[in-house]
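**Q** sequence first, predicted coordinates after that:
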Amino acid sequence: MPQVSSTTVHDVVVIGSGAGGGTMTNVLANMGISVLLLEAGPMLSISDLKEHMWPYNLPHRGAGPKGQLYFSQPTGFSYSATFGGAQLEGEPYTVAPGNDFSWFRSRVLGGRTNHYGRVTLRMADYDFKPRSTDGLGFDWPISYQDIAPYYDKAERFIGVTGSIENIRSAPDGIFNPPAPLRAHDVLVQRACAKNGIRAVAARQAVTTVPRNGRPACHYCGQCGRGCTTASNYAASYVQIFPAMKTGKVQVVANAMARELITDPTGKVTAVSYVDKTDGSEKQVRCRTVVLAASACESARLLLNSKSSAHPQGLANSSGKVGRYLMDTVGSSLTATVPALSGMPHYNSDGYGSHLYVPWWMSDRHKELNFPRGYHIEVGGGYGMPGVNSFIGVVNRVEGYGLSLKQAIRDDYGISVNLSGRGEMIPNEKSYCEIDPEVKDRWGIPVLRFHWEWSDHELNQVRHMQTTFRAILEAMGGRIPTGGGRGGGRGATPAATAMGAQPGQQAPQTGQAGPQTGLPNAPGGQPSSAGSGQRGGNTQAADSNRPPISRGGAIIHEVGTVRMGEDPGTSPLNKFCQAHDVKNLFVADAAPFVSNADKNPTHTIIALAWRTAEYLAEEMRRGNV
């Protein structure tokens, strides 16, 4: 199809507007560099956000204008700030036979940062040198000392809650005052102490003091619906909107990037994209391009950008683009806690978790049968009920009318959920590649996923489940038979096959997102996210397999375009600049070398900030 090409040469074209793209855009604009930002979804407006709205104000009580949530279909902006899902119309992906993977895509300005849990953790010093620690995986080409100043900058700018604890696995930062603990948090903290485990104030990307014109959090508990006061962090209203006011930023929404165009020397000269509003194809010329479309989407774009200079795909002379795909290891367990029964209901709204458990055995790995570790996120309390909040009690209790209503009231707020978030070791069998046959609605070849959890991760989940049970039982919690779940946004078939269980309907799960009946699930995501995708995206239930999340379900995919010193084994250098193409940078989670037990967003922002400053200096010197 003929393409419309502009004659303007932009300083920097950034593709993707999430944590990485938003950070690049904001930092570069504030340094006086012009940025053209391409976003595959629509423009976001503060009026789109549904903070403080009640379920009864919306059709089907927030299940979507057509009741989509009842049929495991995306609901868009109907009640949350989620605009995407694992199944997008016209945008398929495939999964290799015998594999199981779920790929959540967000299509809106700000991406997943509009609705994510906002857990904000620094990686520890040893997280950057994992191979040197235990001989597995790969070392990063940078150290904690290289990135610590950028963690500082991010925390000063965004605002992160927390307390100084001097725990090696959880480096301290520049913290806002944390919110006080709630009743269930106090019980969890005491139960952890009985088991020799330390639970501390949660570290969330929320400002609890006025900052840069943003008022302090007012604890409404509706973070997953977008924050109209910008008190929590989202790339859209904290970074991109302010950057647009500098006059240095132009946003092109509904722009689906197709490929990067290169000249005979292999240098990127333009970006080809599809205008989703009318299907036309356009090109924008650029001096430099930054990929920040998400780890897998950025890999897809590079693999689809073939030329005589880059026959394996752009920046892929190493053959490693798409390789070493990782996700966070997830598992959870929920119990009803009699000590919470009969308590007067109180307003426990907040910014998601107020308590979390850092990894406590980093110096005791010889006692374990798995490497690395995990942290625990805590859920519970009296959050705003929504569709599916009480599916467990409804399925368990017979009757209708007053008796059922009373059972729901009696169960409200008495559940506590513990969710583990652990490190996956990169392996050769987990990667994405271009499907040789399938294309999306615009004719762009799609990704095909391969996925395998190793014994490292399975043994880690077994340890999680033992730990969860010990903590919950120390609280006097009652754990239903088969009460473990994968803990992801879309549990494994083995977990979902359990059906609704008592105690699995805690209205507030510790994440900031709206409740959909799944622990930590963004609104509108199907419980079998990705099922029905071409390529056999299912696996048989295995009674010996622990309740581990399906690949991609935690939505922490990282890797695929990793950084490294050796161009033969890594596409990027330590500044996230392509070894093969000096005017190409990657600023999302794709450059990650490992996937520590820390949620990746904080490190995405810090790396992007570091890359932006490096890029600005290289542009000043005329090197790109």
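**A** Now that the structure is in, tell me what you want to look at.

**Q** CA only for contacts and neighbour counts going forward, please
**A** Noted.

**Q** quick one, what contacts K50?
**A** 79-81, 225-226 (Cα atoms under 8 Å, 6 or more residues apart in numbering).

**Q** can you give me the pLDDT of it?
**A** As predicted, K50 sits at a pLDDT of 88.

**Q** count the neighbours of the closest residue to W103 other than its chain neighbours for me.
**A** Leaving aside its chain neighbours, W103 sits nearest to A86 (5.2 Å; criterion: Cα to Cα, 6 or more residues apart in numbering). By the criterion of other Cα atoms under 10 Å, A86 has 30 neighbours.

**Q** and for G352?
**A** With other Cα under 10 Å as criterion, G352 counts 29.

**Q** with P215 instead?
**A** Residues lying near P215 (other Cα under 10 Å) number 15.

**Q** tell me who's in contact with the closest residue to it other than its chain neighbours.
**A** Closest residue to P215 apart from its sequence neighbours, by Cα to Cα, 6+ apart: S231 at 5.9 Å. S231 sits next to 206-208, 214-217 when contact means Cα under 8 Å, 6+ apart.

**Q** what is whichever strand or helix holds L333 packed up against?
**A** Using DSSP states H and E, L333 sits within strand 329-336. When contacts are defined as 3 or more Cα pairs under 8 Å, 6 or more residues apart in numbering; DSSP states H and E, strand 329-336 packs onto strand 415-422, helix 455-474, strand 484-485.

**Q** so what pLDDT did the residue nearest to M123 when sequence neighbours are not counted get?
**A** Spatial nearest neighbour of M123, excluding adjacent residues (Cα to Cα, 6+ apart): K598 at 6.1 Å. On pLDDT, K598 comes in at 98.

**Q** local confidence estimate at the residue nearest to P215?
**A** For S231, the predicted pLDDT is 97.

**Q** phi, psi for it please.
**A** Note on S231: backbone dihedrals following degrees, to the nearest 10 are phi -80, psi -30.

**Q** any idea how far it is from D172?
**A** 21 Å (Cα to Cα, to the nearest Å).

**Q** contacts for the helix or strand following the strand holding L333?
**A** As assigned by DSSP H and E, the chain's next helix or strand after strand 329-336 is strand 355-357. For strand 355-357, contacts defined as Cα under 8 Å, 6+ apart pick out 181, 185, 197-203, 375-378.

**Q** K248: what's it in contact with?
**A** Applying Cα under 8 Å, 6+ apart to K248 gives the contacts 29, 32-35.

**Q** about what we covered before: now the helices and strands packed on strand 329-336 as a markdown table including distance to A299?
**A** Below are those laid out as a markdown table (distance: least, Cα to Cα, whole Å):
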| stretch | distance to A299 |
| --- | --- |
| strand 415-422 | 24 |
| helix 455-474 | 24 |
| strand 484-485 | 30 |
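
**Q** any idea which of these is most buried?
**A** strand 415-422 (a mean of 28; mean count of other Cα atoms under 10 Å).

**Q** go through the following helix or strand past it and flag the buried ones.
**A** Next along the chain after strand 415-422, taking DSSP H and E as the criterion, comes strand 431-439. Under the neighbour-count criterion of 16 or more other Cα atoms under 10 Å, strand 431-439 has 431-435, 438-439 buried.

**Q** and strand 431-439, how far out from the chain middle?
**A** Mean-position distance between strand 431-439 and its chain equals 23 Å (Cα atoms, centre = their mean, to the nearest Å).

**Q** for it, which outside residues touch it?
**A** 92-94, 296, 300, 303-304, 322-325, 445-451, 560.

**Q** how about the CA coordinates for it, as CSV?
**A** C-alpha atoms of strand 431-439 as CSV (Å, rounded to 0.1, in the frame of the first residue of the first chain):
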residue,chain,number,x,y,z
TYR,A,431,11.0,-16.9,23.7
CYS,A,432,8.9,-15.2,21.0
GLU,A,433,9.4,-15.2,17.3
ILE,A,434,7.5,-14.2,14.2
ASP,A,435,4.7,-16.6,13.2
PRO,A,436,5.4,-17.7,9.6
GLU,A,437,1.7,-17.5,8.6
VAL,A,438,-0.5,-15.4,10.8
LYS,A,439,-0.9,-11.6,10.4
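
**Q** immediately after the helix or strand of the chain with the lowest mean pLDDT, which helix or strand?
**A** Between all helices and strands in the chain, the lowest mean by mean pLDDT, DSSP states H and E belongs to helix 493-496, at a mean of 32. Of the helices and strands lying after helix 493-496 in sequence (DSSP H and E), the nearest is strand 558-560.

**Q** quick one: average pLDDT of the helix or strand just after that next one?
**A** Per DSSP H and E, the first helix or strand lying C-terminal to strand 558-560 is strand 584-586. Throughout strand 584-586, pLDDT has a mean value of 98.

**Q** now swap in stretch 157-174 and tell me
**A** In the prediction, stretch 157-174 has an average pLDDT of 98.

**Q** for the closest residue to R107 other than its chain neighbours, the count of nearby residues, please.
**A** The spatially closest residue to R107, leaving aside those adjacent along the chain, is G41, at 4.1 Å (Cα to Cα, 6+ apart). If you count neighbours by other Cα under 10 Å, G41 ends up with 22.

**Q** and for N544?
**A** Neighbours of N544 (other Cα under 10 Å): 6.

**Q** kindly report the same for the one 5 residues further on.
**A** Applying the criterion other Cα under 10 Å, we find 28 residues in the vicinity of S549.

**Q** so it is in contact with S332, correct?
**A** No: checked against Cα atoms under 8 Å, the pair S549 and S332 is beyond contact range at 9.1 Å.

**Q** I'd like the average pLDDT over whichever strand or helix holds L302.
**A** Following DSSP H and E, one finds L302 within helix 295-304. Across helix 295-304, pLDDT averages out at 98.

**Q** what packs against it?
**A** strand 255-262, strand 431-439, strand 445-450, strand 558-560.

**Q** can you list the neighbours in contact with the lengthiest strand in the chain?
**A** Assignment by DSSP state E gives strand 3-15 as the longest strand of the chain. Residues outside strand 3-15 that contact it (Cα under 8 Å, 6+ apart): 21, 24-25, 33-39, 257, 280-293.

**Q** and it, which residues are buried?
**A** 10-15.

**Q** now the angle from that strand to helix 295-304?
**A** 140 degrees (axes from the mean of the first three to the mean of the last three Cα atoms, to 10 degrees).
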